[in-house]
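S.K.: need coordinates for the below:
(chains A and B)
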Number of protein chains: 2
Amino acid sequence: MTSPSDRRAHVVGLGLIGGSTALALAAQGWRVTGDDHEESARAAALVRGVVTSDRVDPATELIVIATPAAAVVRVANGLLAQHQSPTLIVTDVAGVKGTIGRGVKDPRYIGGHPMAGSELRGLAGARADLFEGCTWVLTPTPRTDAEAYAKLHGYLREFGANVMALDFDTHGRLVALASHVPHLVAGALMNTAASAARSDAALLQLAAGGFRDMTHVAAGDPRIWPDLLFENAAAVTAGLRTVRDRLHDLEEVLHRRDRAALLEALRAAAAARRRLPGRATHPDALARLRVPVTDQPGVLARVTTTASELNVNIFDVEIAHSVEGQPGVLLLAIATEDADKLGEVLRAAGFTVSREEGP
Amino acid sequence: MTSPSDRRAHVVGLGLIGGSTALALAAQGWRVTGDDHEESARAAALVRGVVTSDRVDPATELIVIATPAAAVVRVANGLLAQHQSPTLIVTDVAGVKGTIGRGVKDPRYIGGHPMAGSELRGLAGARADLFEGCTWVLTPTPRTDAEAYAKLHGYLREFGANVMALDFDTHGRLVALASHVPHLVAGALMNTAASAARSDAALLQLAAGGFRDMTHVAAGDPRIWPDLLFENAAAVTAGLRTVRDRLHDLEEVLHRRDRAALLEALRAAAAARRRLPGRATHPDALARLRVPVTDQPGVLARVTTTASELNVNIFDVEIAHSVEGQPGVLLLAIATEDADKLGEVLRAAGFTVSREEGP
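M.R.: Below you'll find the model as predicted:
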């Protein structure tokens, strides 16, 4: 393995997420190059020292594509064709994964989606610590190179991110409810209030903390959203319908003055909100699960997405090699208390799993 | 006028808002007594020095009722009957105003509603600066004593609040859209996600800043909400229906992949969100409008609510007395640039208005 200061990465698209990725990589000792199709962003990144050059170094081990979602397939396939090194890893940060994952078939590509943002936009808002404590989704497939996945997982953990593996469909369904639907609801609330404020000018003066919190995301740049929402339209539409149904239920509850039902709905929401997971902390004790990977394809993707489905955090992924140099065993570091649960489910799914307590 | 250190106020209900009101009054030099029907809250307020006694001082000039909404009419009428001083002012802080305003007919009572909150609850979360920059609604009626209104306006301005006069119905309609509907929508979003998380345990790990912001208010104590929502049910139901219609429109836009319509909805929301008024700052130059108040009833309520309808902030209200000691002229301090607009509308409504530039 190369020493950190020799590691070279390249970032395409130097906006908020791309710029923050470049800064986070540099903070970990990487030598980072980067490019942007806008001349001003490219120049600003060079001047600010976010990147050292706009050319891909031939020794680059990692390319992060942080362009708008619609450009990822073209950019990824172009770079993968141009750079044939088998140890190169290419990932992206787009908020939708299915079309991209089906359009980039190289095993060296792994889809990614950091659940981080900022009210700031562009390179000016970029920060090396933007991903600390955030969840960073990866979408491995049966084609994904296990070695590449294990390395990328480690790099993202160095940013302080909580790495989680999801298949495309699950990612779309979950991100609809955690991000896409809330964004549209924030817009609908804001537009409802703004429209009423045309006849009641005082309305917006009453917009206190709660209203401001709820409509905060609606202030962001609208241009990134159509691609995300159209690609994920089925899941988003289903989510919107569910929210509409719940609002309709609440109207009925108000109509029949059903205090018990109203309190129950509000109590359930309050309890769920208070249970929202905070930043994943490193557990006191780690166990290591060993899963042989030689005898069936797609072990990496199945094992890691199974962990996510069980809400089990994987803190470290390693590949132990067999004497022939072939990947032999997947080693997963997880909290001791999760080890039995995950081991059991994996065994039931036909994997051979052994457990060791580790440091 | 008594000097600040001689001013005495009493606060009933020492939760977050009542406790903060007591602290804000004390910070302005008031001697503050206060009571709570819960023995523990009463004792804590005395120990912490938030109030100096739990008994109403006979010289009290201001009583603030910060109990749950359902108790305000009873508490206010009891205290008004018990304390006959014509210069006493009684106000409350409940989030609904119609039933209370119709139930407390004494001209010394003025309904109030500070648009402030905190994620903290109870006296423990109380802060002297909670109302700085917040909008504090007052609901004067034709019965309201103009002198009392002018004094209360001044006291609340000392807290740093932006005081706004609304009639009951307008308050209900506006607070539905600025607070009640957003609260129910936050609950619906949270419950939708929590319910989906039962089968997709990873969902809540994806809940990043936007989702957290949007569901923040849903974490609050549910018990205060049924009274507010039932009393304001008509306006809340209308608001919920509008939000549902907008969400339905967005589903159709996604279905027909109408990029222009989607961008337009998102752009309108972003523009409106960025235009949300910030904290009202004191204008560079004030003008003073003089409105005689002797010849018709309800001048105070009509003039102040008209200003709110025009989104004109009133920074100071004074009553100039005639030689007989009767209220003679209402003096309103407003931003110079608002003076013509408000003067014109008041004149069109039949008032005699003169304008003077003032310091």
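
S.K.: in this structure A:L229 contacts B:L254, no?
M.R.: Yes - using Cβ atoms under 8 Å, A:L229 makes contact with B:L254 at a distance of 6.1 Å. All C-beta spots, glycine's among them, are computed from the backbone N, C-alpha and C.

S.K.: can you list the weak-confidence ranges in chain A?
M.R.: Counting by pLDDT under 70, chain A has low-confidence residues at A:1-5, A:118-120, A:279-281, A:294-297, A:323-327, A:358-359.

S.K.: which residues of it fall in helices?
M.R.: A:16-27, A:39-48, A:72-82, A:98-103, A:146-158, A:168-175, A:181-197, A:209-215, A:225-231, A:233-255, A:259-275, A:299-309, A:336-348 (DSSP state H).

S.K.: buried ones in the longest one?
M.R.: Judged by neighbour count using 16 or more other Cβ atoms under 10 Å in any protein chain shown, the buried positions of helix A:233-255 are A:233, A:235-237, A:239-240, A:242-244, A:246-247, A:250-251, A:253-254.

S.K.: restrict these to contacts with chain B.
M.R.: Restricting the buried residues of helix A:233-255 to those touching chain B (Cβ under 8 Å from any Cβ of the partner chain) yields A:233, A:236-237, A:239-240, A:242-244, A:246-247, A:250-251, A:254.

S.K.: hmm, back to that, CSV for the helices of chain A, including distance to B:R212?
M.R.: Putting these into CSV (distance: least, Cβ to Cβ, whole Å) gives the following:
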stretch, distance to B:R212
helix A:16-27, 18
helix A:39-48, 29
helix A:72-82, 27
helix A:98-103, 26
helix A:146-158, 21
helix A:168-175, 15
helix A:181-197, 10
helix A:209-215, 9
helix A:225-231, 19
helix A:233-255, 17
helix A:259-275, 9
helix A:299-309, 20
helix A:336-348, 24
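
S.K.: B:A339: which of the ones you listed is closest?
M.R.: Nearest of the helices of chain A to B:A339, taken as Cβ to Cβ: helix A:181-197 at 22.7 Å.

S.K.: show me what the closest one is packed up against.
M.R.: The contact analysis (3 or more Cβ pairs under 8 Å, 6 or more residues apart in numbering or on different chains; DSSP states H and E) places helix A:181-197 against helix A:209-215, helix A:233-255, helix B:181-197, helix B:209-215, helix B:233-255, helix B:259-275.

S.K.: okay, the angle between the second one and helix B:233-255?
M.R.: Taking axes from the mean of the first three to the mean of the last three Cα atoms, to 10 degrees, one finds that helix A:233-255 is oriented at 170 degrees with respect to helix B:233-255.

S.K.: again, but for the third one
M.R.: Between the direction of helix B:181-197 and that of helix B:233-255, the angle (the same axes, to 10 degrees) works out to 50 degrees.

S.K.: pull out the buried positions in helix B:181-197.
M.R.: B:181-194, B:196-197.

S.K.: check stretch A:66-77 too.
M.R.: Going by neighbour count (16+ other Cβ under 10 Å), the buried part of stretch A:66-77 is A:A66, A:T67, A:A69, A:A70, A:A71, A:V72, A:V73, A:V75, A:A76, A:N77.

S.K.: end to end, how far does it reach?
M.R.: In terms of Cα to Cα, to the nearest Å, the two terminal residues of stretch A:66-77 are separated by 14 Å.

S.K.: adding distance to A:A116, write the helices and strands packed on helix A:181-197 out as JSON lines.
M.R.: JSON lines is the format used below for those (distance: least, Cβ to Cβ, whole Å):
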{"stretch": "helix A:209-215", "distance to A:A116": "18"}
{"stretch": "helix A:233-255", "distance to A:A116": "20"}
{"stretch": "helix B:181-197", "distance to A:A116": "18"}
{"stretch": "helix B:209-215", "distance to A:A116": "8"}
{"stretch": "helix B:233-255", "distance to A:A116": "25"}
{"stretch": "helix B:259-275", "distance to A:A116": "20"}
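
S.K.: which stretch among those helices comes nearest A:D106?
M.R.: Closest of those to A:D106 is helix A:233-255, at 26.5 Å (criterion: Cβ to Cβ).

S.K.: and that closest one, what does it pack onto?
M.R.: In terms of contacts (3+ Cβ pairs under 8 Å, 6+ apart), helix A:233-255 is packed against helix A:168-175, helix A:181-197, helix A:259-275, helix B:181-197, helix B:233-255.

S.K.: sorry, back to before: minimum distance to B:P292: which of the helices and strands packed on helix A:181-197 has it?
M.R.: Among the helices and strands packed on helix A:181-197, the nearest to B:P292 by Cβ to Cβ is helix B:233-255 (34.9 Å).

S.K.: report the angle between that closest one and helix B:259-275.
M.R.: 140 degrees.

S.K.: dump the residue contacts of A:T242.
M.R.: Applying Cβ atoms under 8 Å, 6 or more residues apart in numbering or on different chains to A:T242 gives the contacts B:T192.
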